[in-house]
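1. my questions are about this predicted structure, shown below with the sequence.
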Amino acid sequence: MKKKILTIVGARPQFIKVSPVSRYLKDYADEILIHTGQHYDFNMSDIFFEQLGIKKPDYNLEVGSGTHGYQTGEMLQGLEKIMLDEKPDGILVYGDTNSTLAGALAASKLNIPVFHVEAGLRSFNRKMPEEINRVMTDHLSTLLFAPTNTAVRHLSSEGIIKGVHLVGDVMYDAVVQNVKVAEQNSDIIEAHHLVPNQYVLATIHRAENTDDKKRLVEIWEGLNLIHMPVVLPLHPRTRKKIEDMGLKVTSEHLKLIDPVGYFDMLTLEANCLSVMTDSGGVQKEAYFLKKMCYTLRTETEWVETVELGWNRLVPADREIIKTVLNKTQSPDIKSYKEVYGDGKAAQKICDLILQA
Ligand code: UD1
Ligand code: UDP
């Protein structure tokens, strides 16, 4: 009999991560897909299901936005009920959002094995909600799918050795599978009158930047000082903060746009000169597409990108942002190494789940 696997997703990056795994898993297991409803706008959720051919969720908890306690608590209640009804052989969670933690917590209390994709990532900054979610989820998991050697080492130093598998990064699988199709199906470059290799792609959404007035003002002013087009697909969280604070676009180069679908995003990443971001996924995609990334954080989980010279941590300082972005310096291509797997992480994950 086929195994019954309950997959839990809820936020934008999880729709991208689930796509290569579900594509493979569907032939070998009965996969029940649950959307917690953490993200719900069309261009934060539905568009990814459409573009990536992800099946319609079997359940949508429609939890929506709220405080961490509210959001996680609502998810826990909804997920527990489904787990009791469906009695899965295991649950599959991705990354480090509140949807990840709620899934892991609900399942582990019911003695259902937890399988964690993107295990072992650490920023060592406990002020980040994501760090709490990752540490907790890893400690509740039966199978831990680590994307990098660094992640395996982190788990080992916390005493987690059993069930750990180095498989590579499913986001790399997704880029390999989609980048060509994306460029063929996107007109985002023409629509915004961009010239390949002559613009910066920026994203900001991390709480440490949006919820810190001083940091957000410095980042905003810095983006307005860049001497070439800057495309900023704005996360709804950031749009709200910018509007509340009355921050205005003062540069003719800064183009604010709504969040874009995956195809437009990959096309923007593949054609830009450089990337400025605080996103985990976007840092990696910049690396996969061999673009220099400037990361607006004090640390990163994706340390390999920094060590190899393709990512640089940049303080929230308008002058520094202006200087580094106006003089993008990409490293020699010879420094590039395939440190995120071979594009077959999803297949390895599925095989390990089926053998468990
Ligand atoms: C969440 C994750 C973060 C991840 C990000 C991906 C947690 C704690 N954080 O952050 O790790 O990097 O998703 O994008 O799980 N909103 C909308 N429409 C939507 C979704 C959100 O307007 O479809 C607005 C709401 O005002 C909401 C705010 O964005 O309060 C924040 O959303 P939330 O899901 O709580 O956190 P993210 O910042 O998206
Ligand atoms: N992304 C997208 N459209 C956007 C911004 C991001 O498709 O407007 C994709 C991006 O390519 C990456 C993922 O969303 O695959 C990253 O998600 P996000 O930055 O929201 O979260 P994080 O990775 O920081 O958790």
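-> Sure, I can see it. Since the model is a prediction, treat every value here as computed from it, not as a measurement. Ligands and ions are numbered 1, 2, ... in the order given.
2. contact residues of this protein facing ligand 1?
-> Residues of the chain lying close to ligand 1 by CB under 6 Å from any ligand atom are 11-13, 38-41, 44, 65, 96-98, 129-130, 205, 236-237, 240. The way it works is simple: take the backbone N, C-alpha and C, and place the C-beta from them, glycine included.
3. ok, now with 5 Å
-> Selection of the chain residues close to ligand 1 by CB under 5 Å from any ligand atom yields 11-12, 38-41, 44, 65, 97-98, 129-130, 236-237.
4. quick check, nearest of the residues you listed to ligand 2?
-> R12 (4.2 Å; CB to the nearest ligand atom).
5. ok, back up a step: can you lay out the residues of the chain next to ligand 1 as TSV showing neighbour count, secondary structure and pLDDT?
-> Listed next are these as TSV, based on neighbours: other CB atoms under 10 Å; DSSP: H, G, I helix; E, B strand; the rest coil; pLDDT from 0 to 100:
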residue	neighbour count	secondary structure	pLDDT
A11	20	coil	98
R12	24	helix	98
Q38	27	coil	98
H39	25	coil	98
Y40	17	coil	98
D41	12	coil	98
M44	17	helix	98
S65	12	coil	98
T97	27	coil	98
N98	26	helix	98
P129	17	helix	97
E130	20	helix	98
P236	16	helix	98
R237	16	helix	98
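6. please enumerate the strands of the stretch 51-200 of the chain.
-> Assigned strands in the stretch 51-200 of the chain, in chain order: 59-60, 90-94, 114-117, 143-146, 164-166, 200-203 (criterion: DSSP state E, counting those that start in this stretch).
7. by contact count, what packs against the next helix or strand after the last one?
-> Read that as strand 200-203. Using DSSP states H and E, the helix or strand that directly follows strand 200-203 along the chain is helix 207-210. Helix 207-210 makes packing contacts with helix 213-223, helix 236-245 when contacts are defined by 3 or more CB pairs under 8 Å, 6 or more residues apart in numbering; DSSP states H and E.
8. returning to that earlier point: using a markdown table, lay out the residues of the chain next to ligand 1 together with distance to H227.
-> As requested, those are exported to a markdown table (distance: CB to CB, whole Å):
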| residue | distance to H227 |
| --- | --- |
| A11 | 34 |
| R12 | 30 |
| Q38 | 37 |
| H39 | 34 |
| Y40 | 37 |
| D41 | 32 |
| M44 | 31 |
| S65 | 36 |
| T97 | 36 |
| N98 | 39 |
| P129 | 35 |
| E130 | 33 |
| P236 | 29 |
| R237 | 28 |
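9. longest helix anywhere in this structure?
-> Secondary structure of the chain per DSSP state H: the longest helix is helix 68-86.
10. tell me the buried residues in that one?
-> Going by neighbour count (16 or more other CB atoms under 10 Å), the buried part of helix 68-86 is 71-72, 74-76, 78-80, 82-83, 86.
11. quick revisit: could you dump the strands of the stretch 51-200 of the chain into JSON lines and include mean pLDDT and mean neighbour count?
-> Shown next, in JSON lines, are these (pLDDT from 0 to 100; neighbours: other CB atoms under 10 Å):
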{"stretch": "strand 59-60", "mean pLDDT": "98", "mean neighbour count": "18"}
{"stretch": "strand 90-94", "mean pLDDT": "98", "mean neighbour count": "27"}
{"stretch": "strand 114-117", "mean pLDDT": "98", "mean neighbour count": "26"}
{"stretch": "strand 143-146", "mean pLDDT": "98", "mean neighbour count": "26"}
{"stretch": "strand 164-166", "mean pLDDT": "98", "mean neighbour count": "17"}
{"stretch": "strand 200-203", "mean pLDDT": "98", "mean neighbour count": "26"}
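12. leaving out the residues flanking it, which one is nearest to P315?
-> T298 (7.7 Å; CB to CB, 6 or more residues apart in numbering).
13. in terms of helices and strands, where is that neighbour?
-> Applying DSSP H and E, one finds T298 in no helix or strand.
14. need the residues of the stretch 1-150 of the chain near ligand 2, please.
-> So the stretch 1-150 of the chain meets ligand 2 at 12-13, 16 (CB under 5 Å from any ligand atom).
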